[in-house]
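J.: got a sequence here, can you build the structure:
(one chain, ligands or ions: 3)
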Amino acid sequence: MKKNIVLIGYMGTGKSTIGKILSKELKMEFIDTDLLIEKNIKMSIKDIFENFGEKYFRDLESKIAKEVSKLNNKIISTGGGIVLRDENINNLKKTGMVVLLKANADTIYERVSKNSDRPLLNVENPKEKINKMLIERKLNYERFKDIEIETDNKTVNEIFEIIKENYFKTV
Ligand SMILES: Nc1ncnc2c1ncn2[C@@H]1O[C@H](COP(=O)(O)OP(=O)(O)OP(=O)(O)O)[C@@H](O)[C@H]1O
Ligand SMILES: O=C(O)C1=C[C@@H](O)[C@@H](O)[C@H](O)C1
Ligand SMILES: [Mg+2]
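T.: Ligands and ions are numbered 1, 2, ... in the order given. Reported below is the predicted structural model:
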């Protein structure tokens with residue numbers, strides 16, 4: 001029974017992209033908490049935010065975090081705000097190695113600009129919002145990590161290799 005690999009970090013740091021590679025290469029099932037929420041409620045995250053508000057989304061997210069924490073041998077890519085509630089990340093840490101993916105605001109802005117499906121960044125000045133949120137959330141992201149990776153100047157393959165190496169040291 002192997003530990004999960006749990007990917008945390010701000011939007012656009014590559015959690016879903018790296019998660020899929022880890023899943024394929026390590027032959028561990030891939031779970032994306034954002035996708036799981038959308039599948040369960042049959043609604044996009046954008047529509048959940050618009051129709052029911054952020055609190056409703058966060059409650060769904062906490063429920064999912066608790067559920068997936070019961071699993072083993074999975075690659076779990078999380079929503080960027082999973083660290084906003086201690087209970088979520090405490091649950092995930094029990095069965096998983098927590099990998100924090102980091103990127104600076106310019107890199108994030110460039111990466112998320114390709115896709116406008118992120119309700120919290122649907123504002124007049126997304127770059128300013130990214131900067132503000134990175135500062136507000138810094139401690140939440142840092143507190144629970146087992147390892148952290150700066151992704152700005154790394155290819156997805158380099159990031160994969162770092163996670164793999166660390167993972168096999170711990171299991
Ligand atoms: N190391 C990298 N180098 C270059 N591009 C990257 C890297 N990692 C991710 N990307 C690109 O950045 C974009 C965002 O990546 P991804 O969707 O995986 O982020 P995320 O952390 O899952 O975001 P969210 O929290 O919003 O779900 C994608 O277009 C992806 O191809
Ligand atoms: O950083 C956040 O708060 C979010 C990140 C996305 O993954 C989604 O979970 C949602 O758009 C909220
Ligand atoms: Mg994602």
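J.: what residue in this protein comes nearest to ligand 1?
T.: Residue nearest to ligand 1 within the chain: Gly14 (2.9 Å; C-beta to the nearest ligand atom). Quick note: C-beta positions are derived from backbone N, CA and C, even for glycine.
J.: surely that residue meets Val99?
T.: No - Gly14 lies out of contact with Val99 (C-beta atoms under 8 Å); the separation is 10.6 Å.
J.: out of those two, which sits in the busier spot?
T.: A direct count of neighbours by other C-beta atoms under 10 Å for Gly14 and Val99 places Val99 higher, at 26 against 22.
J.: show me what from this protein comes close to ligand 2.
T.: Residues of the chain found near ligand 2 (C-beta under 6 Å from any ligand atom) are 11, 34, 45, 79-81, 118-120.
J.: which ones among those are found in helices?
T.: Among those, DSSP state H puts 34, 45 in helices.
J.: for Ala105, give its distance to ligand 3.
T.: Here the criterion is C-beta to the ion, to the nearest Å. By it, Ala105 lies 18 Å from ligand 3.
J.: that residue: neighbour count?
T.: So Ala105, with other C-beta under 10 Å, has 19 neighbours.
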